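Novice: coords please:
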Amino acid sequence: MSELQLTVAPSDKRPDTLETYSFTRVQEYPSKELVSNGPIQFTQTKVLHSGNAKVYKGTLSGSAHGGTRESSVICKLILDSTDAREKLLEREATVYSKHLEELQGVCVPRFYGLYVGEIFDEPASCVLLEDCGVALQDLFTEYSVDLRIKSMQALMAIHKRGVIHRDFWPSNVIVDNLTNPTRVNVIDFDTSQIRHTCPFNMKLQLFALPKAMPCLELYEVALDLKLITAATVKYFGTNIKVTSFVGAEGLVRAGPKPRGFTHEQLLQIADNTLAEYFDMYGEFEEYVTGKKKWVIGPML
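Specialist: Sure, this is the predicted structure:
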C-alpha cells in the first residue's frame, strides 16, 4: 500500500506553518506515473487556491516516483470531507485514471493518485496531478487562434473517450506558455459526466456554420472559442438564421418590417449588420463565406 507524506499548511490562519500528515493511496485509482508501491513525499511550495478545496503547488519525490527524481505537481485537498465532496474528488480520480489515461501528458495532466488520511483529526482526501503551467486568465477570444484550436481539439479528444466536462471555462485550461503554447491541458473533472456517447463525428470545419453538430457542449464551446460562426444575426432585435437569406436584400426580406424606414435605409442597416457579423471573424472571412475550408479533429 503506497504511503504519502503530505507537507502543507492546512490552516488559513497559519499559512506559513507547514505540517506533515500521513495519507494512504486508494488502490482503486491506479497511476501509471508511480513505478512502485513505495512511499512518496509532497512538499508544498505555494498555495494556489483556498476554499472548499485547497490547491497547492509543490514537489513530489520518493521511491515510488523513481527515487531521486522530483516533479512539480499540484495537490487538490479536501478537508473535513463530506460524502458529497469526497464523491466529487473520487469522480475526478475516476475520470483521470479510468477514462482519460491515454490523454495524460497529452491534453490532461498526469495523475499521481487519490489519497485519504486525517488532518486536525478529521477525514481528508487529495489528488496529486502534474503541474502543467498556468491557467488562462482572460476570455478565450483574447488568445491566439492556435491556442483556441488546441483547446477545442483537447475537448474533442475528451468527448471521444466518453466524458463531458460540464465546466469548460478559461480557468480550467492550463498552458505551458500563454503566448505560444506547445501543450494545452484541461483540468477540473469533478462535475464531469462519464459514459457519454458523443454524437458528433469529430470533424469540425472552422469559421463556418456547422452543418451538423449535435453535441451541445462541443457546439457551445466552439462558439465561445469563435471557431465556428454564430447561427443567427440580430436584425431589429430579432435573431435571423444565417442560412435563411443571402445578402442584405435577403436579410431585409427575411427580417421584421419596422415602420418609418425606407427600403434604402433598411438595406443600409442590413448591410451594416452583415459587415459586423463578418468583422467578428476578421482575417477568416474567406472561411466564413465558404471560399476556403479548414477542418480539424481531436488532439488524439
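Novice: from here on, contacts and neighbour counts on C-alpha atoms
Specialist: Will do.
Novice: which SSE is residue 223 in?
Specialist: With secondary structure defined by DSSP states H and E, residue 223 is part of helix 216-224.
Novice: That should have said residue 207, apologies.
Specialist: Using DSSP H and E, no helix or strand contains residue 207.
Novice: ok, and the closest non-adjacent residue to it?
Specialist: Nearest-residue entry for residue 207: residue 228, 4.2 Å, with adjacent residues in sequence omitted and distances by CA to CA, 6 or more residues apart in numbering.
Novice: what's near enough to touch that neighbour?
Specialist: 205, 206, 207, 208, 209, 210, 222 (CA atoms under 8 Å, 6 or more residues apart in numbering).
Novice: Can you give the distance of the helix or strand just after the helix holding residue 223 from its chain's centre?
Specialist: As assigned by DSSP H and E, the chain's next helix or strand after helix 216-224 is strand 232-235. Relative to the centre of its chain, strand 232-235 is centred 29 Å away, using CA atoms, centre = their mean, to the nearest Å.
Novice: strand partners of strand 232-235, parallel vs antiparallel please.
Specialist: strand 238-241 (antiparallel) (DSSP bridges).
Novice: tell me which element residue 106 is part of?
Specialist: Counting by DSSP H and E, residue 106 is part of no helix or strand.
Novice: Against residue 4, how distant is the residue nearest to residue 207?
Specialist: With distances taken as CA to CA, to the nearest Å, residue 228 is found 46 Å from residue 4.
Novice: now the strands for the chain?
Specialist: Here the chain has its strands, by DSSP state E, at 3-8, 19-25, 40-49, 53-62, 67-79, 111-119, 122-130, 134-135, 173-175, 184-186, 204-205, 232-235, 238-241, 295-296.
Novice: what stretches of the stretch 151-300 of the chain score poorly on pLDDT?
Specialist: Nowhere does the stretch 151-300 of the chain drop to pLDDT under 70.
Novice: how does it look with 90?
Specialist: 177-181, 208-213, 229-232, 241-247, 276-292 (pLDDT under 90).
Novice: what does the stretch 1-150 of the chain give?
Specialist: 1-2, 9-17, 32-39, 49-53, 62-70, 79-88, 120-123.
Novice: run the last query once more with 70
Specialist: By pLDDT under 70, the weakly predicted segments of the stretch 1-150 of the chain are 1, 66-68, 80-83.
Novice: ok, the nearest residue to residue 38 once chain neighbours are set aside - contacts?
Specialist: Excluding its sequence neighbours, the residue lying closest to residue 38 (CA to CA, 6+ apart) is residue 64, at 4.6 Å. Listed by CA under 8 Å, 6+ apart, the contact set of residue 64 reads 2, 34, 35, 36, 37, 38, 39, 40.
Novice: and stretch 135-152, which residues are buried?
Specialist: Neighbour counts using 16 or more other CA atoms under 10 Å place 135, 136, 140, 143, 147, 148, 149, 150, 151, 152 of stretch 135-152 among the buried residues.
Novice: ignore the last one, stretch 214-231
Specialist: Using 16+ other CA under 10 Å as the test for burial, stretch 214-231 gives 217, 218, 219, 221, 222, 224, 225, 226, 227, 228, 229, 230.
Novice: Out of the strands of the chain, which gets nearest to residue 159?
Specialist: strand 184-186 (12.0 Å; CA to CA).
Novice: Okay, buried residues for the closest one please.
Specialist: 184, 185, 186.
Novice: And for stretch 236-251?
Specialist: Neighbour-count burial for stretch 236-251 [16+ other CA under 10 Å]: 240, 242, 248, 249, 251.
Novice: who's in contact with that stretch?
Specialist: With CA under 8 Å, 6+ apart, stretch 236-251 has contacts from 231-234, 254-256, 258, 267-268, 270-271, 274.
Novice: Looking at the residues you listed, state which has the most neighbours.
Specialist: When neighbours are counted by other CA atoms under 10 Å, residue 270 leads the contacts of stretch 236-251 with 23 neighbours.
Novice: just to revisit the earlier point, list just the nearest of the buried residues of stretch 135-152 to residue 108.
Specialist: For these, the nearest to residue 108 is residue 151 (10.9 Å; CA to CA).
Novice: Excluding covalently adjacent residues, which one is nearest to that closest one?
Specialist: Closest to residue 151 by CA to CA, 6+ apart is residue 184, at 6.2 Å.
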